[in-house]
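Novice: Have a look at this prediction, sequence included:
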Amino acid sequence: MADLKFNSSKYKSTGNSFYEITDAYANNIETFLSFYHVPSGKEVYFKAFITAFNETFNSDWASEAVFGRVDPIQTFKQNERSITLAFDVPAASESEAYSNLGAVQNLIQFLYPTYSNINQANTLTQSPLVRLKVMNLLRPAPTAKTAEDDSTAMLNENNLYNDYDSGGSNASSGILGIIRNLTVNHNLERAEIGVMEHSANTVLPKLLTVNLSFTVIHEQDVGWDEDGKFGNNSLFPYGVQLWTEGDDAEAEAALAWGTDVADDTNTAATDEAAADVSTWTDTWADYTHNPDGTISYKVRKTGKEVTVTQDSEYYSGIANKAGW
C-alpha cells in the first residue's frame with residue numbers, strides 16, 4: 001500500500017470492511033492530475049474530480065494604422081496558451097481528509113520561490129516553475145509516427161487509435177508553466193457538507209475546492225515550416241494523429257509502384273520508377289535474401305506495403321537507383 005498514490009486509510013485505519021473505490025480507480029486507471037515543482041523535484045497528485053478545464057490560446061498582434069488604408073496593418077507578435085483548472089478534493093474518511101489537506105498544502109508551497117540565505121538576506125535563486133499534467137489533455141506533444149518508426153507494425157487508422165495514450169503518468173512529464181493564481185475553498189459554510197472533527201479546535205474539511213490559472217511555457221517548436229509541417233511533425237497539443245485522405249493516396253501510389261516493378265521487365269522504366277519513389281517522404285524499404293538466390297523486397301508508404309520477389313541483378317538496379 002505504501003507505493004500507492006491514493007490510500008484513504010493511510011493515516012487512520014478504517015477497518016477491513018472499508019473499501020474506497022475511487023482509490024482503486026485512480027491508482028489502477030491513473031485518472032488523476034499532477035503537479036511537479038521543478039526547483040525541488042517534489043510532486044503532488046489529486047484524483048481527477050475535475051469541475052472545469054478550459055484552454056485559451058491568445059494571439060497577440062500589433063495593429064498599425066496607415067494613411068489611405070481601410071484596414072490597419074496587422075503584424076503578428078506572439079501566442080500565449082493559458083489554462084483555467086478547477087477540481088474538487090473530496091474525503092471519504094478522516095484519513096483521506098487529513099491527506100487531502102496536506103496535498104493542497106504542498107500545492108500552495110509550490111507557488112513560492114527558492115531562496116539562498118546570504119549574509120542573513122534572502123536572495124531569490126529559482127523561480128517557482130511547475131509542470132502540470134491532466135492525463136492526455138495536458139501533456140507534452142509527441143512527434144507524428146511514420147512507417148520508419150517501426151518496421152514490424154503497420155501504420156493505419158486502427159493502430160493510430162489503439163496506440164494513443166497520455167505519454168506516461170509521471171508528474172515530471174507534465175507541461176512546463178507558471179501558476180498565476182490559486183484559490184482554495186474549504187466549503188466550511190456549506191452545512192450539507194460539513195467537516196470532520198479531529199480534536200479540540202481542529203477540523204478537517206470534507207471537501208476542498210481548488211481553482212487555478214496556469215500559463216504554459218512552450219518547450220517545443222510550435223509553428224509551421226515552409227514545407228507545410230507543424231512543429232517538426234509535432235502533434236501539438238493533444239498528441240492525436242489522424243489518418244487523412246492524403247495518406248491513403250500516397251499509400252496507394254506506393255502499392256501501384258510496387259506492382260509496376262513486379263510486372264515490369266523494362267530496365268529503363270524500372271529505373272525511372274525507382275528514382276521517383278526515392279524522392280517520397282515517409283517511405284520505408286527492406287529486403288530479404290531467399291534460399292533460392294532470389295531477393296524479396298518490401299516497400300511501405302504510410303502503412304500500406306507490397307512485397308516483390310526478384311533475382312539479385314534485377315533488385316540491385318532498383319536499390320541503387322532508389323538509394324536504399
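Specialist: Cool, the structure landed.
Novice: ok, the closest residue to residue 65 other than its chain neighbours - contacts?
Specialist: In this structure, residue 65 finds its nearest non-sequential neighbour in residue 72, 4.6 Å apart by Cβ to Cβ, 6 or more residues apart in numbering. Any C-beta I mention is one placed from the backbone N, CA and C, and that applies to glycine too. Residues near residue 72 by Cβ atoms under 8 Å, 6 or more residues apart in numbering: 63-66.
Novice: Kindly report the same for residue 174.
Specialist: Counting by Cβ under 8 Å, 6+ apart, residue 174 has contacts 34-36, 131-133, 138-140.
Novice: cool, and residue 211?
Specialist: 52, 84-86, 182-183, 185.
Novice: Looking at the residues you listed, point me to the pair that's furthest apart.
Specialist: Checked with Cβ to Cβ, the contacts of residue 211 reach their widest spread between 84 and 185, with 15.2 Å between them.
Novice: Domain ranges for this structure, per the record?
Specialist: What automatic domain parsing lists as the domains of the chain is 21-140+168-241, 246-322.
Novice: thinking again about what came up before, out of the contacts of residue 72, which one sits closest to residue 158?
Specialist: The closest of the contacts of residue 72, once distances to residue 158 are taken by Cβ to Cβ, is residue 63, at 47.4 Å.
Novice: Pop out the phi and psi values for the closest one.
Specialist: phi -110, psi 130 (degrees, to the nearest 10).
Novice: repeat for residue 41
Specialist: Torsion angles, degrees, to the nearest 10, at residue 41: phi 80, psi 10.
Novice: The closest residue to it other than its chain neighbours: what secondary structure?
Specialist: Distances taken as Cβ to Cβ, 6+ apart place residue 172 nearest to residue 41, at 7.9 Å, with adjacent residues excluded. Following DSSP: H, G, I helix; E, B strand; the rest coil, we place residue 172 in the helix state.
Novice: What is the neighbour count of residue 142?
Specialist: 17 (other Cβ atoms under 10 Å).
Novice: Next one: it from residue 19, what distance?
Specialist: When distance is defined by Cβ to Cβ, to the nearest Å, residue 142 is 37 Å away from residue 19.
Novice: that older thread, go through the domains of the chain and find the least confident stretch.
Specialist: Among the domains of the chain, domain 246-322 carries the lowest mean pLDDT, a mean of 49.
Novice: So which of the contacts of residue 211 wins on neighbours?
Specialist: residue 85 (21 neighbours).
Novice: Please give the element, helix or strand, for that one.
Specialist: Assigned by DSSP states H and E, residue 85 falls within strand 73-90.
Novice: partners of that strand, with directions?
Specialist: In the sheet, strand 73-90 lines up against strand 50-64 (antiparallel), strand 207-216 (antiparallel) (DSSP bridges).
Novice: Tell me which of the ones you listed sits nearest to residue 201.
Specialist: Comparing the strands paired with strand 73-90 by Cβ to Cβ, strand 207-216 comes nearest, at 19.5 Å.
Novice: and the strand holding residue 85, which residues are buried?
Specialist: 81, 83, 85-90 (16 or more other Cβ atoms under 10 Å).
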